[in-house]
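> Take a look and give me a structure for this.
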Amino acid sequence: MTTPAEAAFMTFGLGSQAVLAAFFAARRWRPRLADRSGWLAYAVAGLGLPLGLWFLAGGQSWRLFVGPLLLGVWALFGSYLDLWRRVEWRSPPKPGVLIPYVILYFWAQMFLWWPLWDLQRSTWAVFLVLFSVNTFLNLTGHFRRPEGRRAGRVSRRG
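Numbering: from 1, shown residues only. This next block holds a predicted model:
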């Protein structure tokens, strides 16, 4: 039987992955939509702070509170850089920002995913699929050709 805290953890983990996948898909195929709603990904991830603190205050295992807290810290850091200060750190890459950003993101994802193995394996598998999709979309989104240049479609009309 799943406890309310475990159900909240699983819901937050899957929900955050679904929002990230939707955001990265929008960034790839609907860039204007992504520009207008990008803050939503950070807002949902930021919910990890109160959730993690709730788990911590409630005496839950570290396995439940570390992932949400890390994702919440990542959301604060990312929203500070991307939304508030509007720092251009991705292109060209600024290692002093890129490295902590990626480390926070990666470990938050892992600490949201690993506990699912013991809680509910089907949820673990769904998380893996969503994480794989959002990682693929995120990485390929950083290597797009400039606007107006389409790869693979060459006009042969004279």
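> residues touching residue 126, list them.
Going by CB atoms under 8 Å, 6 or more residues apart in numbering, residue 126 touches residue 14. Just so you know, the C-beta spots here come from the backbone N, C-alpha and C atoms, and that holds for glycine as well.
> so how far is the one helix or strand it maps to from its chain's centroid?
Using DSSP states H and E, residue 126 maps to helix 121-141. Taking the mean of its C-alpha atoms, helix 121-141 sits 10 Å from the chain's own mean (CA atoms, centre = their mean, to the nearest Å).
> what does stretch 23-42 give?
So, by CA atoms, centre = their mean, the centroid of stretch 23-42 is 12 Å from its chain's centroid.
> One more: stretch 67-84?
10 Å.
> And the contacts of it?
By CB under 8 Å, 6+ apart, the residues outside stretch 67-84 that reach it are 9, 12-13, 16, 38-39, 42-43, 45-53, 55-56, 87, 89, 97, 100-101, 104-105, 107-113, 115.
> Is it possible to mark the buried ones in those residues?
9, 12-13, 16, 38, 42, 45-49, 51-52, 55, 97, 101, 104-105, 107-109, 111-113, 115 (16 or more other CB atoms under 10 Å).
> Go through the residues you listed and flag which are in helices.
Secondary structure from DSSP state H places 9, 12-13, 16, 42, 45-46, 48-49, 51-52, 55, 97, 101, 104-105, 107-109, 111-113, 115 of those in helices.
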